[in-house]
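**Q** Any chance you could fold what I've pasted below:
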Amino acid sequence: MNRRLLAVPVALAATSLLATGCSAAGSSGDSGSDGVTVLASFYPLQYAAQQVGGDLVTVDNLTPPAAEPHDLELAPAQAREIGEADLVVYLSGMQPAVDEGVETRAPEHVVDAAAFADLTPAEEDGHAEDEHTEDEHADDEHAEDEHDHGATDPHFWLDPSRMAALGQAVADELSVVDPEHADEYAAGALQLGRQMEELDQEFADGLATCEGATLVTSHAAFGYLAERYSLHQEALSSFDPETEPSPARLREVGDIVRETGVTTIYSETLVSPKVAETLADDLGVETATLDPLEGLSEEALAAGNDYVSVMRDNLAALEQGLVCE
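**A** Numbering: from 1, shown residues only. Next up is the predicted model:
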């Protein structure tokens, strides 16, 4: 299986370091407290910052629960927050409004996940949404010539090893903001790294017999996950989940499903499953749900779900729906 090994150092003192000094700041969300204020642009970045900073930081999320982060528009108060936060964690190219806010407000301390996540060029993600003739482009108002996210696939957080790298970057910048607690932030990054290593191993074990299996998804959000665990993603539409696939693409995916014996087409949370369900009905296959983890609903948060639990739910759905050896 073509997998990169996580390089997460082991520190025996990490647990005690994390505990030391955590009482120095509360988690009340009061920006006037002694704690460091961190502003994340959407959920996976929020999760990483929370795990690294623990009780020493207050982490707010610019994207409301259950909202589509790609479409985020900032209220004036949110734009001000960007300039006032001690640290802003965002992904350039993912949310244009946030990119503009960072440029305009120029916060002193910023972590741009794009600089640490080893993003993959869009043309290498394995889907063929843009392969249409000129006539098809003229006839199909939904055909895509360019992706909203430019030249790269933004969905790096679906590969746990890339989340570990982000955690280290957040710890490094928090140590500049709050050098008194640099050891605690380093310990938080180590803890997140071990958590991601364990999750990565769970996926590797669970999908060990699935090398080369075809993963049919409603949009191209799962390229990093597919690459990490040697799957082959075929997406109905590209990175924008609101863009409907062309008839030509639906026919192409239908042929792939028949040729490869795919038994499940995956829709996703926060997006209508109608197209995926219609195609599955036409082909006589099942549907299941994957969560691209761009955000969690209020219900999911209230139930205590988080990045790890949702990723484990994704693994269970893949184990059940993929055609493996």
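**Q** residue ranges for the helices of the stretch 1-150 of the chain, please.
**A** Along the stretch 1-150 of the chain, the segments classed as helices by DSSP state H, counting those that start in this stretch run 14-19, 43-53, 76-84, 96-105, 134-139.
**Q** Mean pLDDT added to the ones you listed, as a markdown table?
**A** Listed next are the helices of the stretch 1-150 of the chain as a markdown table, based on pLDDT from 0 to 100:
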| stretch | mean pLDDT |
| --- | --- |
| helix 14-19 | 38 |
| helix 43-53 | 97 |
| helix 76-84 | 96 |
| helix 96-105 | 96 |
| helix 134-139 | 40 |
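**Q** So which of these has the densest surroundings on average?
**A** Among the helices of the stretch 1-150 of the chain, helix 43-53 has the highest mean neighbour count (mean count of other Cβ atoms under 10 Å), at a mean of 26. The C-beta positions use only the backbone N, C-alpha and C, and glycine is treated the same way.
**Q** Mind putting the helices of the stretch 1-150 of the chain into CSV with distance to V111?
**A** Formatted as CSV, those follow (distance: least, Cβ to Cβ, whole Å):
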stretch, distance to V111
helix 14-19, 20
helix 43-53, 8
helix 76-84, 13
helix 96-105, 11
helix 134-139, 38
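**Q** Out of those helices, flag the one nearest T264.
**A** Shortest distance between T264 and these, using Cβ to Cβ, is found for helix 43-53: 24.6 Å.
**Q** Could you give me the buried positions within the top helix by length along the chain?
**A** In the chain, with assignment by DSSP state H, the single longest helix is helix 182-206. Under the neighbour-count criterion of 16 or more other Cβ atoms under 10 Å, helix 182-206 has 182-197, 199-200, 203, 206 buried.
**Q** do stretch 252-263 as well
**A** Residues of stretch 252-263 classed as buried: E252, V253, G254, V257, V262, T263 (neighbour count, 16+ other Cβ under 10 Å).
**Q** tell me the mean pLDDT for it?
**A** With pLDDT averaged residue by residue, stretch 252-263 scores 97.
**Q** returning to that earlier point: so which elements touch the longest helix of the chain?
**A** Applying 3 or more Cβ pairs under 8 Å, 6 or more residues apart in numbering; DSSP states H and E, one finds that helix 182-206 contacts helix 14-19, helix 43-53, helix 160-177, helix 223-228, helix 307-321.
**Q** circling back to that earlier point, would you mind telling me which of the helices of the stretch 1-150 of the chain is nearest A288?
**A** Closest of those to A288 is helix 43-53, at 21.5 Å (criterion: Cβ to Cβ).
**Q** Residues contacting that closest one, please?
**A** Helix 43-53 is contacted from outside by 36, 38, 40, 57, 59-61, 63, 69, 87, 89-91, 113, 157, 163, 166-167, 170-171, 174, 185, 188-189, 191-192, 195, 293-296, 306-307, using Cβ atoms under 8 Å, 6 or more residues apart in numbering.
**Q** Buried subset of these as a ChimeraX selection?
**A** Selection of buried members from the contacts of helix 43-53 for ChimeraX, criterion 16+ other Cβ under 10 Å:
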select :36,38,40,57,59,61,63,69,87,89,90,91,113,157,163,166,167,170,171,174,185,188,189,191,192,195,293,294,295,296,306,307
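**Q** From D313, how far off is S272?
**A** Using Cβ to Cβ, to the nearest Å, one gets 20 Å for the distance from S272 to D313.
**Q** So for stretch 279-286, what gets flagged as buried?
**A** Within stretch 279-286, the residues that count as buried by 16+ other Cβ under 10 Å are L279, A280, L283, V285.
**Q** is it true that the last one touches V257?
**A** Yes - V285 is within contact range of V257, at 6.4 Å (criterion: Cβ atoms under 8 Å).
**Q** hmm, back to that, show the average pLDDT along the longest helix of the chain.
**A** Mean per-residue pLDDT for helix 182-206: 98.
**Q** Name all residues that make contact with the spatially closest residue to R228 that is not a sequence neighbour.
**A** Using Cβ to Cβ, 6 or more residues apart in numbering and skipping residues adjacent in sequence, the residue nearest R228 is D159, 4.7 Å away. By Cβ under 8 Å, 6+ apart, the contact list for D159 reads Y224, L225, E227, R228.
**Q** Mind putting the residues you listed into JSON lines with neighbour count?
**A** As requested, the contacts of D159 are exported to JSON lines (neighbours: other Cβ atoms under 10 Å):
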{"residue": "Y224", "neighbour count": "24"}
{"residue": "L225", "neighbour count": "26"}
{"residue": "E227", "neighbour count": "21"}
{"residue": "R228", "neighbour count": "21"}
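**Q** now, the most widely separated pair of these?
**A** Using Cβ to Cβ, the contacts of D159 span at most 7.4 Å, a distance reached by L225 and E227.
**Q** how much space is there between the residue nearest the centre of the chain and Y185?
**A** In the chain, the C-alpha nearest the mean C-alpha coordinate belongs to W157, at 3.5 Å (Cα atoms, centre = their mean). According to Cβ to Cβ, W157 stands 20 Å off from Y185.
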